[in-house]
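Participant: how does the following fold in three dimensions:
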Amino acid sequence: MNFRPTPLAFAFLALPAVLSCTAQGSHEPAPPADYEGKIALDIRDSEQDWGPYTPRRAPEGAPNVLFILYDDTGQAAWSPYGGRISMPTLDRLAASGVTYTQWHTTALCSPTRSTIMTGRNHHLNGMASITETSAGFPGASGRIPEQCASLANVLRDAGWSTFWLGKNHNVPETDVSPGASRSQWPLQQGFDRFYGFLGGETNQWYPDLVKDNDFIEPPATPEEGYHLSKDLADQAIRMLRNQQATNPSKPWYMWYCPGANHAPHHSPQEYIDKYKGKFDDGYEAYREWVLARMIERGVLPAGTALTPLNPMPEDEANAADSVRPWDSLNADEKRLFSRMAEVFAGFSEYTDAQIGRVIDYLEETGQLENTLVIYAADNGTSGEGSPNGSVNENKFFNGYPDELEENLKYLDTLGGPDTYNHFPTGWAAAFSTPYKMFKRYSQFAGGTCDPLVMSWPKGIRARGEMRHQYHHSVDIVPTILDVCGVEMPDVYRGVPQWPLSGVSMRYTFDAAPDDPTRKERQYYTMLGTRGIWADGWKAAALHAPLTGHGRFDEDVWELYHVDEDRSESRDLAQDHPGKLQELIAIWFEEAERNMVLPLDDRSATELLTNERPTAEPVRDWYLYYPGTEPVPESVAVNVRGRSYRILANVEIQEDDCSGVIFAHGSRFGGHTLFIKDRKLHYVYNFLGIRPEQKFVSKPLAPGKYTLGMEFEWEKKGDYGEGHGTCRLHVNDEVVDEGPMRTQIGKFTLSGDGLCVGYDSGDNVSQEYATPGTFTGGTIDFVGVSVEKVEYRDLEGEARRALLRQ
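Facilitator: Predicted structure coming up:
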């Protein structure tokens, strides 16, 4: 059907439940139209028909589908493309299938993943950017509309078992909480089982896990050998074994999304050590080395040029994305930067080894022969580590710079539980060779041209071949449906569907490496960047993301003939002005068709801290109780950039009473109120920078107390951080006070929620170990206030809080 989405249609079609209820209310109940049984008074005179009530079976011989989707990795990182990072499992699959050299993504996590969920362009899915930056526009709502039925729903209805492992990042931020709607969670999007994390990233040693529809704690600790990559492989094999034990005739679809290679880059030490010294030549030398390897392997044609390390015009560039020339670094910086690349490589290979266990299981059980394995990455390598790298990526999202002296303290522990590390922009550029820029830059191939390998022993005759046809992540769903013999319905659950945005890639399985692509055009837009590809040509606007520049109507566009210039190194705008204008016009056509506008290039801090509607109205006073799950930051009290106070009604019943009263965040940023050595402590951990800001009382005797603290915000610092005075209270007495600084951005991009009576996941303060459960007393409640009034009588405040509740 030819149904074109518009904002008006978007709003109208958001009401199907109301309209259908009215319509259904006017009809009498009746058997299904295709019911062929006979219904009489006596069952003995009746004839059964199970047809309408029998679940569909998949077509005979239909394949399983295993889609492995890494994060934040350009082609030049991995061994099948000539990179220095060994990927034995991926090498094995590439040798038994085809490797794509011009497969593209949206340049960012949530948007790309949404295209693989539904087969529609990311703005049609409401995913203009990551879910944490949603806005009140049709293309940026952060909610996948009903007009975009998921691949999982369609396959499940057609007879497939469906599983999702690992990263999600397509649930609206305000829905990532125990009491919120689960309508956009994986199980409600068509998956029978889910085990992973809902946010954009997670600590690989202390992940924020969800199993099906419930938040859970990790099954082990790092000291016990836990790492999320291993856990995901264990869970994947367990799910498949269970499915085969009960329904071996059903094919299955598994979407397997490890946390790698998104920051934090966490790896077992033995895998880090495998790369010791392998990146000491630096990222500029690596670019030269890997380009030659990519040409030699046939990934790129001979003569492909290397693009500049800092290609953006100075007046348009984002300083946080600049690359420092390797020869400008001092010896300590080179040592640190090289180590960061070693950790990234170890993380990547370790995860590939765990995926290898899943592939081994499929081979051992005879399932691999008829399993289409897709192995890819969701966008270019990440440059969110700043020019200097970071031991705490959350500094990037708080707009706070890294300092070499601080980072060097963690040189020997990089990749372990004490760091939340991310390498510098130079490695992002190197692992995105030969293209310009990296993740977030949708106008350049450095942000969008990513690894993709497909292997299907039964269905792909080619072995170890390259495919150079131009394709995009929106082409994955049409490909899977084509291979499975299933069609995307025109109407799904009573809702007219928007057409698929992509085309099937199945024709490439038997094509020659250089056969023409069947794709005609693809627009790109992300965080203020934009580009358009059509028939082998590409136009790119010179606009950097997250700058706040605006002035989109003044953007300068460059023109590349990608069929002849794969690295987009030669600007032909002056030679072919007519072609450039033609492509710009096509971009605006696609923007209208896909509800792309408005463009948004605001800073990361502005985007992430923008207030959004929630199921609960924002208020000045919040009450939290012990015995509850962590409260995600998206729905917890917001103490950023303001004065606040915390109070707790606590009874100390024993002399050795200790533990966490209140905690929010992790060792990489957060605050916590706890009792240790009979003393009340309040610690504000500013972006993991030590020493911790600590306030301590004298010893407390058993008894009933109102314990708390207040922070009086006084001024903004050089990087937006808050400066003011903290006072620690026992009942009405100030027992400690002093200067304190607070974060302007979130404690974490996702996870590590607010807890009462314990600290989930990673500990906020080094003064205790998780979970730091409160013992030897009781906590009635904890109240947090952001009211703009003076600090009042705490005991009276506690009484009033109970009355309010």
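
Participant: longest strand anywhere in the chain?
Facilitator: If you go by DSSP state E, the chain has its longest strand at strand 703-716.

Participant: list the neighbouring strands of that one plus their orientation.
Facilitator: Taking DSSP bridges as the criterion, strand 703-716 forms sheet pairs with strand 644-652 (antiparallel), strand 722-730 (antiparallel).

Participant: report the secondary structure state of the residue nearest the centre of the chain.
Facilitator: Nearest to the mean C-alpha position of the chain, counting by C-alpha atoms, centre = their mean, stands Gly200 at 2.6 Å. Taking DSSP: H, G, I helix; E, B strand; the rest coil as the rule, one finds Gly200 in the coil state.

Participant: what's it in contact with, if anything?
Facilitator: For Gly200, the contacting residues are 109-110, 130-132, 167, 169, 262, 749-750, by C-beta atoms under 8 Å, 6 or more residues apart in numbering. All C-beta atoms are positioned from the backbone trio N, CA, C, and that covers glycine.

Participant: which residue sits closest to it, ignoring its sequence neighbours?
Facilitator: Counting by C-beta to C-beta, 6 or more residues apart in numbering, Gly200 lies nearest to His169, which is 4.7 Å off, once chain neighbours are set aside.

Participant: tally of neighbours for that neighbour?
Facilitator: Neighbourhood size, His169 [other C-beta atoms under 10 Å]: 29.

Participant: next: Tyr226.
Facilitator: Residues near Tyr226, counting by other C-beta under 10 Å: 16.

Participant: cool, and Glu217?
Facilitator: Neighbours of Glu217 under the rule other C-beta under 10 Å: 16.

Participant: state which helix of the chain is the longest.
Facilitator: Longest helix of the chain, by residue count under DSSP state H: helix 331-364.

Participant: tell me the first helix or strand C-terminal of it.
Facilitator: Note on helix 331-364: by DSSP states H and E, the next helix or strand toward the C-terminus is strand 371-377.

Participant: CA atoms of that following strand as CSV?
Facilitator: C-alpha atoms of strand 371-377 as CSV (Å, rounded to 0.1, in the frame of the first residue of the first chain):
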residue,chain,number,x,y,z
THR,A,371,21.2,-20.5,10.6
LEU,A,372,21.7,-17.1,8.9
VAL,A,373,24.3,-15.4,11.1
ILE,A,374,24.6,-11.6,10.7
TYR,A,375,27.5,-10.0,12.5
ALA,A,376,27.7,-6.2,12.5
ALA,A,377,28.3,-2.9,14.4
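
Participant: begin at 24 from here
Facilitator: Got it, first residue is 24 now, which makes that one strand 394-400.

Participant: for that strand, packing partners?
Facilitator: For strand 394-400, the packing partners by 3 or more C-beta pairs under 8 Å, 6 or more residues apart in numbering; DSSP states H and E come out as strand 87-93, helix 111-118, helix 354-387, strand 472-478, helix 499-507.

Participant: so which of those is the most packed in?
Facilitator: Scoring the helices and strands packed on strand 394-400 by mean neighbour count under mean count of other C-beta atoms under 10 Å gives strand 472-478 as the most buried, with a mean of 26.

Participant: that one vs helix 499-507, what angle?
Facilitator: 10 degrees (axes from the mean of the first three to the mean of the last three C-alpha atoms, to 10 degrees).

Participant: indicate each strand paired with strand 472-478 and its parallel or antiparallel sense.
Facilitator: strand 121-127 (antiparallel), strand 394-400 (antiparallel).

Participant: let's have these in CSV, adding distance to Pro209, mean pLDDT and mean neighbour count.
Facilitator: Listed next are these as CSV, based on distance: least, C-beta to C-beta, whole Å; pLDDT from 0 to 100; neighbours: other C-beta atoms under 10 Å:
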stretch, distance to Pro209, mean pLDDT, mean neighbour count
strand 121-127, 24, 98, 24
strand 394-400, 18, 98, 24
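
Participant: include distance to Gly422 when you put the ones you listed into CSV, please.
Facilitator: Formatted as CSV, those follow (distance: least, C-beta to C-beta, whole Å):
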stretch, distance to Gly422
strand 121-127, 30
strand 394-400, 27
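
Participant: nearest to Val506, out of the ones you listed?
Facilitator: Nearest to Val506 among the strands paired with strand 472-478 is strand 394-400; the distance by C-beta to C-beta comes to 5.7 Å.

Participant: other SSEs contacting the following helix or strand past the closest one?
Facilitator: Per DSSP H and E, the first helix or strand lying C-terminal to strand 394-400 is helix 417-420. In terms of contacts (3+ C-beta pairs under 8 Å, 6+ apart), helix 417-420 is packed against helix 627-632.

Participant: list the buried residues of the following helix or strand past the helix it packs on.
Facilitator: Per DSSP H and E, the first helix or strand lying C-terminal to helix 627-632 is strand 644-647. Neighbour counts using 16 or more other C-beta atoms under 10 Å place 645, 647 of strand 644-647 among the buried residues.

Participant: tell me which other helices or strands strand 644-647 touches.
Facilitator: On a contact count with 3+ C-beta pairs under 8 Å, 6+ apart, strand 644-647 meets strand 800-808, helix 817-827.

Participant: next, Pro568: phi, psi?
Facilitator: Main-chain torsions, Pro568, degrees, to the nearest 10: phi -80, psi 160.

Participant: burial count for it?
Facilitator: Neighbour tally, Pro568, other C-beta under 10 Å: 27.

Participant: surely it touches Gly551?
Facilitator: Yes. Look at Pro568 against Gly551 with C-beta atoms under 8 Å: they come within range, at 5.4 Å.

Participant: what sits against the residue nearest to Gly223?
Facilitator: Counting by C-beta under 8 Å, 6+ apart, His192 touches 132-133, 136, 153-154, 221-223.

Participant: which of the residues you listed tops the neighbour count?
Facilitator: Highest neighbour count within the contacts of His192, by other C-beta under 10 Å: Thr154, with 30 neighbours.

Participant: who touches that residue in this structure?
Facilitator: Contact analysis of Thr154 by C-beta under 8 Å, 6+ apart lists 133, 165, 192-196, 223.

Participant: TSV please, covering these and showing pLDDT and distance to Gly422.
Facilitator: Shown next, in TSV, are the contacts of Thr154 (pLDDT from 0 to 100; distance: C-beta to C-beta, whole Å):
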residue	pLDDT	distance to Gly422
Ser133	97	21
Gly165	96	22
His192	96	22
Asn193	97	26
Val194	95	26
Pro195	93	24
Glu196	87	19
Gly223	92	18
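
Participant: would you mind giving those residues as CSV with secondary structure and distance to Gly469 added?
Facilitator: Shown next, in CSV, are those (DSSP: H, G, I helix; E, B strand; the rest coil; distance: C-beta to C-beta, whole Å):
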residue, secondary structure, distance to Gly469
Ser133, helix, 19
Gly165, coil, 26
His192, coil, 21
Asn193, coil, 24
Val194, coil, 28
Pro195, coil, 29
Glu196, helix, 28
Gly223, coil, 20
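
Participant: how about the contacts made by Glu387?
Facilitator: Contact analysis of Glu387 by C-beta under 8 Å, 6+ apart lists nothing.

Participant: ok, now how distant is it from Arg166?
Facilitator: As judged by C-beta to C-beta, to the nearest Å, Glu387 and Arg166 stand 41 Å apart.

Participant: likewise Val658?
Facilitator: Distance from Val658 to Arg166, by C-beta to C-beta: 16 Å.

Participant: again with Gly482
Facilitator: As judged by C-beta to C-beta, Gly482 and Arg166 stand 35 Å apart.

Participant: neighbours of the closest residue to Ser69 other than its chain neighbours, just the number please.
Facilitator: Nearest non-adjacent residue to Ser69, counting by C-beta to C-beta, 6+ apart: Ala63, 4.7 Å away. Applying other C-beta under 10 Å, we find 9 residues neighbouring Ala63.

Participant: great, nothing more from me.
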